[in-house]
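Structure for the following, please:
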Amino acid sequence: MKVVEVVAAIIQKEDKIFATRKGYGKFKGMWEFPGGKIEMGETPEEALVREIREELDSEILVGKCFAEVDYDYPEFHLHMRCYLCTVKSGDLKLLEHSEAKWLAREELDSVEWMLADVGVVEKLKRETTEGWKFCE
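Sure, this is the predicted structure:
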């Protein structure tokens, strides 16, 4: 089975997390943490900075890796690293997504997450917002 290596940004602001809704493709309408594929020669952190620049026209600071996910979709195996991030500059302009929301912990279940993201959401719900801190 093909393995796809991706990174995702858990962008934080105070006690909220930024979620985006896919605007195209097979999973259109599903919610996810923004990010994308790691290109040859990139570190995960470099890929994440590039992806957020391309998808949201913003610069981020990448913090600790909050979670790693392995998930089998019918067509491929996904390996995803999710990093806690903050916005360095920009307004998180939607260039590829159809919608975005800032969600507090009690609102995380209000959207339909991509299946690979569900475990990360559950971890976010279990941790106090102190555990969401950008750097430890």
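
so for the lengthiest helix in the chain, what's the average pLDDT?
Longest helix in the chain, counting residues (DSSP state H): helix 44-56. Mean pLDDT, helix 44-56: 98.

What residues sit buried inside that helix?
Within helix 44-56, the residues that count as buried by 16 or more other C-beta atoms under 10 Å are Pro44, Glu45, Ala47, Leu48, Val49, Arg50, Glu51, Ile52, Glu55, Leu56. From N, CA and C alone the C-beta is placed, and that goes for glycine too.

Go through the helix or strand just after that helix and flag the buried ones.
Following helix 44-56 in sequence order, the next helix or strand is strand 59-72 (DSSP states H and E). Applying a neighbour-count criterion of 16+ other C-beta under 10 Å, one finds Ile60, Leu61, Val62, Gly63, Phe66, Ala67, Val69, Tyr71 buried in strand 59-72.

Going along the chain, name the helices of the chain.
Using DSSP H, the helices found in the chain span residues 44-56, 118-126.

and the last one, how far out from the chain's middle?
Relative to its chain's centre, helix 118-126 lies at 12 Å (C-alpha atoms, centre = their mean, to the nearest Å).

Which strands or helices does that helix pack on?
Applying 3 or more C-beta pairs under 8 Å, 6 or more residues apart in numbering; DSSP states H and E, we find helix 118-126 packed against strand 3-13, strand 59-72.

what pairs with the last one, and is each one parallel or antiparallel?
The reference is to strand 59-72. strand 77-89 (antiparallel) (DSSP bridges).

Show the average pLDDT along the strand it pairs with.
Strand 77-89 shows a mean pLDDT of 96.

Now do it against strand 3-13, angle only.
Following axes from the mean of the first three to the mean of the last three C-alpha atoms, to 10 degrees, one obtains 30 degrees for the angle between strand 77-89 and strand 3-13.
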